[in-house]
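Novice: Generate a structure from the sequence data that follows.
(one chain, ligands or ions: 2)
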Amino acid sequence: MKITINQRVFERAIDYNQIKKRIRLIGIQLNVAYENQYPVFIGVLNGCFMFMADLMKQIHITSEISFVKLASYDGSNRREHVDELIGLEIDLKGREVVVVEDIVDTGNSLKHTLELIEAQKPASISVCTLLLKPAALRHSFSNIAYVGFEISDDFVVGYGLDYQGLGRTLPDIYKEIRTEDKG
Ligand SMILES: O=P(O)(O)OC[C@H]1O[C@H](OP(=O)(O)OP(=O)(O)O)[C@H](O)[C@@H]1O
Ligand SMILES: Nc1nc2[nH]cnc2c(=O)[nH]1
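Specialist: Ligands and ions are numbered 1, 2, ... in the order given. Modelled structure (predicted):
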């Protein structure tokens, strides 16, 4: 199925049933890894909201949840300037932290997020991301422990991810059709 958002054309790549299945498995892994550890799950807004909601329904161990937003001082989202995390309400010192992202693409956002969380001296930080684009990564991370799907280096929308503010409410994930594939 194809959709168009502001002149860009996308085709369905991952449907919600696949997403739900994958999330159930990640939930089991997290429940085992963090049993009796009282972890803090930190969702990085806005894109994570759907993933976080579905993932947290699979978490049956004692845990806390918080959401943050990465803010650039110049108001852009280019992630080139020093950023700050806004919204964090929990003291992370000595805590087991799981950062929940919708997508790790270049890794720029994650790098900043991890630096800002590390400054709070948690006991550990691991990363759980629904999507990972290995071919686009510009940094190496040793703690991306939970990945929903590795995808190609194509722009995706849906299930929380937007194009120009649109498409976040689509339950499935769509990837942009490259110009040469449009037919
Ligand atoms: O690995 P990167 O290349 O840094 O890209 C990944 C980031 O991009 C998206 O956030 P975005 O800045 O679009 O904000 P949003 O979550 O509010 O849509 C996504 O939620 C990640 O945080
Ligand atoms: N919507 C969307 N946001 C992103 N942020 C980083 N990569 C992407 C992507 O492929 N799609």
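Novice: all contacts plus neighbour counts: C-alpha atoms, from now on.
Specialist: OK.
Novice: Any regions of this protein where pLDDT drops low?
Specialist: Low-confidence segments of the chain (pLDDT under 70): 72-82, 180-183.
Novice: Tell me where it has strands.
Specialist: For the chain, the strands defined by DSSP state E occupy 2-5, 8-14, 40-45, 64-72, 83-86, 96-104, 124-132, 144-150, 156-157, 173-176.
Novice: Select the longest helix from this structure.
Specialist: Assignment by DSSP state H gives helix 16-33 as the longest helix of the chain.
Novice: can you list contacts of that helix?
Specialist: For helix 16-33, the surrounding residues in contact (C-alpha atoms under 8 Å, 6 or more residues apart in numbering) are D54, L55, M56, Q58, I59, H60, I61, Y146, G148, P171, D172, I173.
Novice: what's the angle from it to strand 144-150?
Specialist: 170 degrees (axes from the mean of the first three to the mean of the last three C-alpha atoms, to 10 degrees).
Novice: just the angle between helix 16-33 and strand 124-132, please?
Specialist: 170 degrees.
Novice: What residues of helix 16-33 count as buried?
Specialist: Of the residues in helix 16-33, I19, R22, I23, R24, I26, G27, L30, N31 count as buried by neighbour count, 16 or more other C-alpha atoms under 10 Å.
Novice: And the third one, how close does it get to ligand 1?
Specialist: Between I23 and ligand 1 the distance, using C-alpha to the nearest ligand atom, to the nearest Å, works out to 17 Å.
Novice: What separation do you get for that residue and Q29?
Specialist: 10 Å (C-alpha to C-alpha, to the nearest Å).
Novice: K111 now?
Specialist: 24 Å.
Novice: same thing with P171?
Specialist: In this view, P171 and Q29 are 24 Å apart by C-alpha to C-alpha.
Novice: Ok, P122 next?
Specialist: Counting by C-alpha to C-alpha, the gap from P122 to Q29 is 21 Å.
Novice: do the same with H112
Specialist: With C-alpha to C-alpha as the criterion, H112 and Q29 are 26 Å apart.
Novice: The nearest residue to E101 once chain neighbours are set aside: how many residues sit nearby?
Specialist: Closest residue in space to E101, ignoring its immediate chain neighbours: T129 at 4.6 Å, by C-alpha to C-alpha, 6 or more residues apart in numbering. The local packing of T129 (other C-alpha atoms under 10 Å) involves 24 other residues.
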